[in-house]
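Participant: next comes the sequence, and after it the predicted model I'd like to discuss.
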Amino acid sequence: MNTNVIDFDASKRAGDHTVRGTAADGQVRAIAISSRATVQKAHEIHATSPLVTAALGRLMMAGQMMGALFKSPDELITLTVAGDGPVGGLTVTANNKGQVKGFANNPHAWLPLNAVGHLDVGGGLGHGMLTVVRDQPGIEPYSSQVELVSGEIGDDLSYYFAMSDQVPTSLGVGVLVNRDTSVRQAGGFIVQLMPGATDEVASALEANVKRVSSITTMLEEGLAPADMLERVLSGLDFEELEVMPASFHCGCNEDRAERAVRALGRAELSDMIDKGEPAETVCNFCGKRYLFGPDRLRAMLAD
């Protein structure tokens with residue numbers, strides 16, 4: 001392993017974090033995440049059912065890992081799933097600092113366990129579309145869309161990489177929920193074959209991925225993100241490059257809320273002032289409420 005990366009502050013590995021690295025002399029790019037507290041935070045904010053906790057948690061972790069692969073510190077990725085299942089849809093936004101936010105259209109959706117006794121995330125999302133938007137300041141946002149192949153998130157994003165980015169990718173994400181609906185485990189990994197990878201490396205990686213147990217099983221065994229990558233990239237000389245914290249972070253503020261209120265227009269604001277009614281906005285991502293009373297609305301009109 002590269003000696004330049006083994007002296008990272010151990011505190012970075014204590015909580016939610018991602019580990020990024022390469023293998024097979026750069027022929028494979030990989031990243032893994034442990035994100036229990038992040039998914040738990042989303043569960044607490046939105047009071048999600050176990051089904052939605054698993055679905056939203058998977059998409060959030062995928063967003064965190066995909067964002068962490070970006071080079072630009074200001075680049076954002078937004079993942080949107082729109083399906084005909086009871087969950088309705090999911091929206092997640094992440095940056096390359098490991099920060100993510102997300103919400104579900106129907107946070108309380110529920111279905112019976114599937115045939116193998118697991119939360120039926122695929123059934124909860126149903127048939128629909130996955131949209132990926134990459135947004136970098138100064139550049140027109142890049143958007144691409146693929147059909148959901150299973151609704152299980154990992155399969156769908158692996159398909160997205162193959163069809164849109166044309167990069168052979170294996171993406172796995174998993175969330176384990178306790179009986180009291182709290183999050184027990186949450187994590188995932190992405191491994192990608194880079195252009196020019198040999199057939200031997202591709203075959204070895206494919207065999208490794210087939211052999212590994214489920215994400216939540218590895219987490220229950222006590223494996224951290226670096227350990228998961230060591231297992232997935234066994235025999236391919238995994239080299240760790242970076243460790244980065246991961247967290248739920250919204251970033252909404254009063255100024256943004258005020259812009260949303262101003263967008264209602266002068267007629268609507270004047271009507272609310274005449275009736276003595278306040279204007280209220282609620283952030284979809286974190287649930288924070290912003291209240292603007294009649295005096296504040298008058299000040300907006302005066303501007």
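Facilitator: That came in fine, so what should we check first?
Participant: you'd agree Leu69 is up against Ile31?
Facilitator: Yes: Leu69 lies in contact with Ile31 (C-beta atoms under 8 Å); the separation is 6.4 Å. Every residue, glycine included, has its C-beta placed from N, CA and C.
Participant: identify the contacts common to these two.
Facilitator: Common contacts of Leu69 and Ile31, defined by C-beta atoms under 8 Å, 6 or more residues apart in numbering, comprise Arg20, Ile190.
Participant: looking at these two, which is more packed in?
Facilitator: A direct count of neighbours by other C-beta atoms under 10 Å for Leu69 and Ile31 places Ile31 higher, at 24 against 16.
Participant: so that one, which of the three states?
Facilitator: The three-state label given to Ile31 by DSSP: H, G, I helix; E, B strand; the rest coil is strand.
Participant: kindly report the same for Pro107.
Facilitator: coil.
Participant: go on, Gln192?
Facilitator: With three-state DSSP as the basis, Gln192 sits in strand.
Participant: who is it paired with across the strands?
Facilitator: Beta bridges link Gln192 to Arg29, Thr169, judged by DSSP bridges.
Participant: can you tell me how far it is from Thr169?
Facilitator: Distance of Gln192 to Thr169, given as C-beta to C-beta, to the nearest Å: 5 Å.
Participant: touching both of those two, which residues are there?
Facilitator: By C-beta under 8 Å, 6+ apart, the residues touching both Gln192 and Thr169 are Phe161.
Participant: more neighbours: which of these two?
Facilitator: Between Gln192 and Thr169, counted using other C-beta under 10 Å, Gln192 has the larger neighbour count: 20 against 17.
Participant: can I assume that one is in contact with Arg29?
Facilitator: Yes: using C-beta under 8 Å, Gln192 is in contact with Arg29, at 4.7 Å.
Participant: identify the residues contacting the one residue sitting closest to the centre of the chain.
Facilitator: By C-alpha atoms, centre = their mean, the chain has its centre lying nearest to Met60, at 1.9 Å. The contact partners of Met60, taken as C-beta under 8 Å, 6+ apart, are Ser35, Thr38, Val39, Ala42, Val92, Ala94, Val100, Lys101, Gly102, Phe248.
Participant: how about Ser143?
Facilitator: Contacts of Ser143 by C-beta under 8 Å, 6+ apart are Thr131, Val132, Val133, Arg134.
Participant: residue contacts, the residue lying closest to the last one once chain neighbours are set aside?
Facilitator: Ranked by C-beta to C-beta, 6 or more residues apart in numbering and with sequence neighbours excluded, the top spatial neighbour of Arg134 is Tyr142, at 4.7 Å. The neighbours of Tyr142, taking C-beta under 8 Å, 6+ apart as the test, are Val133, Arg134, Asp135.
Participant: any idea how far Tyr142 lies from Gly251?
Facilitator: From Tyr142 to Gly251 the distance is 21 Å (C-beta to C-beta).
Participant: just the element for the residue nearest to the centre of the chain, please.
Facilitator: Element membership for Met60 (DSSP states H and E) is helix 50-68.
Participant: next helix or strand past that helix?
Facilitator: Once the chain leaves helix 50-68, the next helix or strand it forms, by DSSP H and E, is strand 76-83.
Participant: packing partners for that following strand?
Facilitator: Applying 3 or more C-beta pairs under 8 Å, 6 or more residues apart in numbering; DSSP states H and E, one finds that strand 76-83 contacts helix 50-68, strand 89-95, strand 128-135.
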